[in-house]
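*Asks:* Let's see this in three dimensions:
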Amino acid sequence: MNVHQLIRQKQLASRRQDKISQRKHLNFDALITTIREDFGKIADHRAANASISLVDALTSGFAMFSLKHPSLLAFEDEWREDPTCLHGVYKVNDIPSDSQMRTICDEVDPRHLRRPFRSIFRQLQRGKVLEKMTWLDGHYLLALDGTGIYSSEKVSSPYCLKKRKRNGQVEYYQQMLGAAIVHPEQREVIPLCPEMIVQQDGSKKQDCERKAARRFLTEFRREHPHLKCVVIEDGLSSNAPHIQDLHRDGHHFILGAKPGDHGHLFDQMDEALKAGRAVELSRADEQQPDILHTYRFVNDLALNKSNPEVRVNLLEYWQLDGKGKVIRFSWVTDLEITTANVYQIMRAGRARWRIENETFNTLKNQGYNLEHNYGLGQKHLSAVFVHLTVLAFLVDQVQQLCCPLFREALVFRKRKRRLWSGIRNRFELLDCPSMEAILLHIVGRGKPLPQLE
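*Replies:* This next block holds a predicted model:
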């Protein structure tokens, strides 16, 4: 045995002796128990003698997305013959076939799946985890944005939206409004229950992102009546009806605003500059002195000519780096802009990209397969699968945010895709009683797990 092997052996031995403390209600195994309890509160729409319980069907769907399986058939082939680990980790008693899961989940109203999102959020609040996500005097930054989840010219469901292309072909598609608590200095996000942008039951008009945002904000304020939030969105949201909705629900906002879309607003900025009412200043970045931040702002302007009663504050911002590259942003907000808080408002506005990069990009390209068609169904199937996908992402983000064992396993495997494959491999080969046992096995701690027969 060479020197490097001896050092490695000592490192592993010391790791096995170290005990990693787990958050009582926020480790993976505790969250699975919470999720199953919430699934159990959903009334089963089928006869009492159904062979597969609704709880098992929903938990199996969650397990499929949690383990990042590429299809229902792959999930069934993997676990129906030897479901030992699904029994141990996910507490599933009976695993449905792919057709059974589609049939059962198609009838589930996705509104019932808000429960586990609320429960996990409450646990984050009780565990003081959310405190590290506050910004701007104790507010949470709530990022909203829409994204596509399905499109096809051939396959559709009654809930698909439609648009006719220039070549005459009809495209069927579905979208969702995603929402997440984000922070300028935290890579992790806290995804919230999504709002589907699909053909609404009984409506002849097509759904859209603005309508979905209105529904989301109403439900969010009902569930969290006292939560202090600043909503951050892109330039499509800086319109009078949406700002009025935000005020109605008691939210502050920082919304993108482009000069080409708000000519009257930026004309007022020019007038304020001439009159000496606008503030201009430049500051070097404290951490990177070669980066220069330049601001121009003025408070109390009319959003547009049509809605002079909707008053906003306008912030323009330029970033100049040492290579001469210039980046420009501009936002409207109802927060009073001062020289003391302009940097924080700018950072909050720029944090909106985390809903795209850290949320949508992860869901689509890091194993969650958000855009993959697991099944459209005739009622709610695709919406149920989207909710279960985002719920699996939420659990992973909670682990990354506050579980030392998960973070160590991620460092050990270096990349998330390698961590997911490492977890699946141990499911296939070992008798795993819990996710904690799997993660301990990955990092070389704990007792050896027995091989599956």
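
*Asks:* Following the host helix or strand of Tyr140 in sequence, what is the next regular element?
*Replies:* Element membership of Tyr140, judged by DSSP states H and E, is strand 139-152. Downstream of strand 139-152, the next assigned helix or strand under DSSP H and E is strand 161-164.

*Asks:* Could you list the domains of this protein?
*Replies:* Using automatic domain parsing, the domains assigned to the chain come out as 17-112+376-442, 113-364.

*Asks:* Quick check: which of the ones you listed is nearest to Leu370?
*Replies:* Each of those has some distance to Leu370 by C-beta to C-beta; the shortest is domain 113-364, at 4.0 Å. Just so you know, the C-beta spots here come from the backbone N, C-alpha and C atoms, and that holds for glycine as well.

*Asks:* Can you check the distance spanned by the closest one, start to finish?
*Replies:* Taking C-alpha to C-alpha, to the nearest Å, domain 113-364 runs 21 Å from one end to the other.

*Asks:* go on, stretch 214-234?
*Replies:* 16 Å.

*Asks:* quick one, the longest helix seen in the chain and strand 139-152 angle?
*Replies:* Criterion DSSP state H: the longest helix present in the chain is helix 381-402. Helix 381-402 runs at 140 degrees relative to strand 139-152, counting by axes from the mean of the first three to the mean of the last three C-alpha atoms, to 10 degrees.

*Asks:* and helix 381-402, average pLDDT?
*Replies:* What helix 381-402 shows for mean pLDDT is 96.

*Asks:* Could you do stretch 312-325 as well?
*Replies:* 94.

*Asks:* Span of stretch 353-367 from start to end?
*Replies:* 20 Å.

*Asks:* tally of neighbours for the nearest residue to Gly256 once chain neighbours are set aside?
*Replies:* Nearest non-adjacent residue to Gly256, counting by C-beta to C-beta, 6 or more residues apart in numbering: Gly235, 3.8 Å away. With neighbours defined by other C-beta atoms under 10 Å, the count for Gly235 comes to 16.

*Asks:* How about Ile52?
*Replies:* Neighbours of Ile52 (other C-beta under 10 Å): 19.

*Asks:* One more: Ser330?
*Replies:* 22.

*Asks:* And what about it, helix, strand or coil?
*Replies:* strand (DSSP: H, G, I helix; E, B strand; the rest coil).

*Asks:* how about the nearest residue to Glu280, chain neighbours excluded?
*Replies:* Arg296 (4.9 Å).

*Asks:* tell me what the strand or helix carrying the one you found is packed against?
*Replies:* Under the criterion of DSSP H and E, Arg296 resides in strand 292-302. The contact analysis (3 or more C-beta pairs under 8 Å, 6 or more residues apart in numbering; DSSP states H and E) places strand 292-302 against helix 263-275, strand 279-284, strand 311-320, helix 342-350.

*Asks:* Which of the domains of the chain has the highest mean neighbour count?
*Replies:* Comparing the domains of the chain by mean neighbour count (mean count of other C-beta atoms under 10 Å), domain 17-112+376-442 ranks first with a mean of 19.

*Asks:* and the angle from the strand holding Tyr140 to helix 342-350?
*Replies:* Going by the same axes, to 10 degrees, strand 139-152 makes 20 degrees with helix 342-350.

*Asks:* starting at the chain centroid, how far to strand 139-152?
*Replies:* 8 Å (C-alpha atoms, centre = their mean, to the nearest Å).

*Asks:* Begin at 12 from now on, thanks
*Replies:* Got it, the first residue is 12 from now on, which makes the last one we talked about strand 150-163.

*Asks:* Tell me the neighbouring strands of it, and mark each as parallel or antiparallel.
*Replies:* Strand partners for strand 150-163, identified by DSSP bridges, are recorded as strand 145-146 (antiparallel), strand 181-194 (antiparallel), strand 240-244 (parallel).

*Asks:* Just put these in a markdown table and tack on mean pLDDT and distance to Lys458.
*Replies:* Output for the strands paired with strand 150-163, formatted as a markdown table (pLDDT from 0 to 100; distance: least, C-beta to C-beta, whole Å):
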| stretch | mean pLDDT | distance to Lys458 |
| --- | --- | --- |
| strand 145-146 | 96 | 40 |
| strand 181-194 | 96 | 37 |
| strand 240-244 | 98 | 45 |
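
*Asks:* which stretch among those comes nearest Ala224?
*Replies:* strand 181-194 (5.9 Å).

*Asks:* circling back: just the CA trace of the strand holding Arg307, in CSV.
*Replies:* Taking C-alpha atoms only, strand 303-313 is exported to CSV below (Å, rounded to 0.1, in the frame of the first residue of the first chain):
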residue,chain,number,x,y,z
LEU,A,303,-17.6,50.7,-11.8
HIS,A,304,-21.3,51.0,-10.9
THR,A,305,-23.1,54.0,-12.3
TYR,A,306,-26.6,54.9,-11.3
ARG,A,307,-29.2,57.4,-12.3
PHE,A,308,-32.6,57.5,-10.6
VAL,A,309,-35.6,59.7,-9.8
ASN,A,310,-38.6,59.0,-7.6
ASP,A,311,-42.4,59.6,-8.3
LEU,A,312,-42.9,59.4,-12.0
ALA,A,313,-46.0,58.4,-14.0
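
*Asks:* which residues sit in contact with the residue nearest to Arg91 when sequence neighbours are not counted?
*Replies:* Ranked by C-beta to C-beta, 6+ apart and with sequence neighbours excluded, the top spatial neighbour of Arg91 is Ile106, at 5.6 Å. Applying C-beta atoms under 8 Å, 6 or more residues apart in numbering to Ile106 gives the contacts Asp67, Ser71, Glu87, Trp90, Arg91, Pro94, Leu97.

*Asks:* Leu392 now?
*Replies:* Applying C-beta under 8 Å, 6+ apart, the residues near Leu392 are Arg113, Cys116, Asp117, Ser168, Gly386.

*Asks:* make it 10 Å
*Replies:* Contacts for Leu392 were tallied using C-beta atoms under 10 Å, 6 or more residues apart in numbering; they are 72, 112-119, 121, 168, 170, 385-386.

*Asks:* and what of Pro459?
*Replies:* Pro459 neighbours (C-beta under 10 Å, 6+ apart): Leu441, His452.

*Asks:* one step back: identify whichever of the helices and strands packed on strand 303-313 lies nearest to Val140.
*Replies:* helix 353-361 (19.9 Å).

*Asks:* who's in contact with the next helix or strand after that closest one?
*Replies:* Helices and strands here follow DSSP H and E; after helix 353-361, the next one along the chain is helix 373-376. Contacts with helix 373-376, where a contact means C-beta under 10 Å, 6+ apart, come from 76, 158-160, 187, 189, 200, 202, 205, 367, 379-383, 397, 400-401, 403-404, 407-408, 427-428.
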